[in-house]
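Q: Need a 3D model of the following:
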Amino acid sequence: MYFDALTLTAVADELRATILGGRVQRVLLPGPLSIGLEVYAQRQRYQLLASADPQVARVHLVRARLSRGVEQATPLLLLLRKYVLGGRIIAIEQPPLERILVLSIAKETARRNHLESQIPPEAIPTEDESAEDESAEDESAEDESADTEYNDASPPSAADPDQPALCCELIIEPMDRRSNIILVDDDNLILDSVKRVTPEMSRRVILPRHVYELPPRQEKRNPQTATAAGMATLLESGARSLTRAIVSAYRGVSPQVAREAVYRALGRPDAELSAALPLEAPASHLRELFTAPWQPTLAFDEDRPQAYAPYLLTHLNGAAPQPGISVALETFYAARESVTAHRRHRERVQQQLTEARDRLQHQQSQLVAELERAQHLEQQRWEGEMILGFMHTLSPGQQTLEVEGQTIKLDPDRSPLEAAQARFRAVDKAKSALEGVPERLKTTEQQLAGLEELLALLALTDVREQIDQIAQEAAEQGYLKPAHARAGAGRRGKPRTPRLKPLHLVSSDGFDIFVGRSSEQNAEVTFRIGQPDDIWLHVRTIPGGHVIVRSGGRDIPERTLEEAAGLAAYFSGVRHETAVDVDLSRRKGVRKVSGGPPGLVTYQAERTLRVAPLPPWEKQPEQRSP
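A: Here you go, the predicted structure:
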């Protein structure tokens, strides 16, 4: 979904009607690639959010008070406090048909107590507004300077020659992967940015003390003056799709804008470009989209927003008007960021578990080296015994001894007895250090197996509660520090939601099937839910979920076994394979590994099924659509 130039134009108009002339009362970083401003204008507070995240780049107002997502003050945040906090937004500009928004801010340089003495009574917050500020008392206490409020309603001091002003521009560029937020001083020099761009990365350098330059302008036509004659020249482009041809030829036109114009003109958004098309209608509707009054719209797929626009969306089903473009954007990105946030949380946990695996693998290699050293010590002992056994054959100064086809090196400065005793002392000294190495190696290998299972199950879920549960189990098993598993925890580290239960499904033949999706769920499925005569399933040699089919004393049909095997394949590290080998065993043949992590078992397979992975279902399989 594009945050296109037309959407930005609608946002700019909305911001001019709301926050232009307002005072910036608060600056913060909601995330590492975003900034938030609280602006006091027209006797109310507005929350402005700007993001340079390539997945959700945008700028708009939000209704809820923004909260800090980056605890440590960054250089950019310190500069925003200096240049922006307490300043007044004196201009909001957008280069024509560009995805660039420029907020011009002027800040008085007088002392703060002088500013406070100038506050008129009508600009002082009411009791309700003060109560709202008290709700953020904890956050304010952590960073008092970031939440300092300025309610001065006097004109900017830039108009007073005796009161110099600190002027700057906050430039927001929501351009997908090239998105950025840049703070520029009054001399057009970059102070800092959310993303720094070096000469090695791009010819357009974004670094402190460099001159700010606008992105290169695209040499395309103006859609506001589109004509049928201009549309006719698209036939020379060689493009087959009219929509793609319009995007390539007109500046500031996103694929969605082009589809909407083509749909309004021809009744279908995927029309092929040909000389027979009536091109006056597409040109007319393209002009209309860029000049008509704003009609913010959200298009829904069931209950989830799938698209937004500052105009009425007609080529998508489920379109509904919105009270403002910021409301539409907030609704759309709130739904999208919930999924994105879960994915990022999973990636953070995955990275931490991978680091833990690397540490265990290093420990494993060291223990293996210790065992190899133990084998070397046995050689040392054998050599000592051979030297003593053949001591009567050795002559003074002899350097080697040949025994059983092996060569034993001797020190000519030592007697044979001293050489043998030196080897025995080395063996005895290292013997105590090597005690317990096999047991430690076994424990490390079990921990690695349990960790591989957690990593495999983590990669299979986007559900926040399931991610939190796996992270918490990893912390309890010692793979993560408790703080790493507390992203979804309460203030005292306790989980906000109870532990999830194993997945419960019913087969086509009416048999209960239980699937574990974490190590503890695997243990619960196998040893608490499963009965001795139930069927236990697991993908061969691959980490994944344990599956139990409850027999209830009955014979389980082959169809049910294949469905359960398909689930085992789906909840494993080979979900995307076309066919997977799944082992079946009676539950009584499954044994927990002594001293191992939860879910680590040994078993004797009765037979193996080769099946395709089968996603979980809500209804019985025979009732699902093919």
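
Q: can we go C-alpha only for contacts and neighbour counts from here?
A: Fine.

Q: low pLDDT regions in the stretch 401-550 of the chain?
A: For the stretch 401-550 of the chain, applying pLDDT under 70 flags the ranges 429-434, 462, 482-498.

Q: so who does K501 touch?
A: K501 makes contacts with Q521, as judged by C-alpha atoms under 8 Å, 6 or more residues apart in numbering.

Q: what helix or strand does it sit in?
A: Under the assignment given by DSSP states H and E, K501 is not contained in any helix or strand.

Q: tell me the secondary structure for E465?
A: Counting by DSSP: H, G, I helix; E, B strand; the rest coil, the backbone at E465 sits in helix.

Q: count of residues packed around it?
A: Residue neighbour count, defined by other C-alpha atoms under 10 Å, stands at 18 for E465.

Q: so it makes contact with L500?
A: Yes. Under the contact definition of C-alpha atoms under 8 Å, E465 touches L500, with a separation of 7.5 Å.

Q: any idea how far R268 lies from S284?
A: When distance is defined by C-alpha to C-alpha, to the nearest Å, R268 is 16 Å away from S284.

Q: Which one's more surrounded, those two?
A: In this view R268 and S284 are compared by other C-alpha under 10 Å, and S284 has more residues nearby, 19 against 14.

Q: Spell out the secondary structure type for that one.
A: Going by three-state DSSP, the secondary structure assigned to S284 is helix.

Q: you'd agree it is up against T227?
A: Yes. Using C-alpha under 8 Å as the test, S284 is close enough to T227 to be in contact (7.2 Å).

Q: who touches A271 in this structure?
A: Applying C-alpha under 8 Å, 6+ apart to A271 gives the contacts S241, L242, T243, V262.

Q: wait, what's in contact with the first one?
A: For S241, the contacting residues are D270, A271, E272, L273, by C-alpha under 8 Å, 6+ apart.

Q: Give me the neighbour count for the nearest residue to E288 once chain neighbours are set aside.
A: Once its chain neighbours are removed from consideration, E288 has its nearest residue in Q224; the separation is 7.8 Å (C-alpha to C-alpha, 6 or more residues apart in numbering). Around Q224 there are 18 other residues, counting by other C-alpha under 10 Å.

Q: Help me confirm that Q224 is found in a helix?
A: Yes. When the secondary structure is assigned by three-state DSSP, Q224 falls within a helix.

Q: Would you mind confirming that it is in contact with F290?
A: Yes. In this structure, Q224 sits in contact with F290. The criterion is C-alpha under 8 Å, and the distance is 6.0 Å.

Q: Return the residues in contact with S519.
A: Taking C-alpha under 8 Å, 6+ apart as the definition of contact, the neighbours of S519 are G450, E453, L454, I470, E473, P597, P598, G599, L600.

Q: Between the residues you listed, identify the one with the most neighbours.
A: By neighbour count, taken as other C-alpha under 10 Å, the most surrounded of the contacts of S519 turns out to be G599 (27 neighbours).

Q: Give the phi and psi angles for that residue, as a check.
A: Here the main-chain torsion angles of G599 (degrees, to the nearest 10) amount to phi 90, psi -10.

Q: Is R268 located within a strand, as I assumed?
A: No. Assessed by three-state DSSP, R268 does not belong to a strand; its assignment is coil.

Q: how near is it to G318?
A: Taking C-alpha to C-alpha, one finds R268 at 17 Å from G318.

Q: which one is E213 nearest to, not counting chain neighbours?
A: R204 (7.5 Å).

Q: can you pull the contacts of V601?
A: V601 sits next to V590, R591, K592, V593 when contact means C-alpha under 8 Å, 6+ apart.

Q: make it 6 Å
A: Contacts here follow C-alpha atoms under 6 Å, 6 or more residues apart in numbering; on that basis V601 touches R591, K592, V593.

Q: With A239 as the reference, measure out to the closest residue to the second one other than its chain neighbours.
A: Taking C-alpha to C-alpha, 6+ apart as the measure, K592 lies nearest to V601, with 4.4 Å between them; neighbours along the chain are not counted. V601 is 59 Å from A239, where distance means C-alpha to C-alpha.

Q: Closest one to K442 out of the contacts of S241, please.
A: Nearest to K442, judged by C-alpha to C-alpha, of those is D270 at 61.7 Å.

Q: since we're on the closest one, how many residues are nearby?
A: Counted by other C-alpha under 10 Å, the residues lying close to D270 total 16.

Q: Kindly report the same for L207.
A: Neighbour count for L207, taken as other C-alpha under 10 Å: 19.
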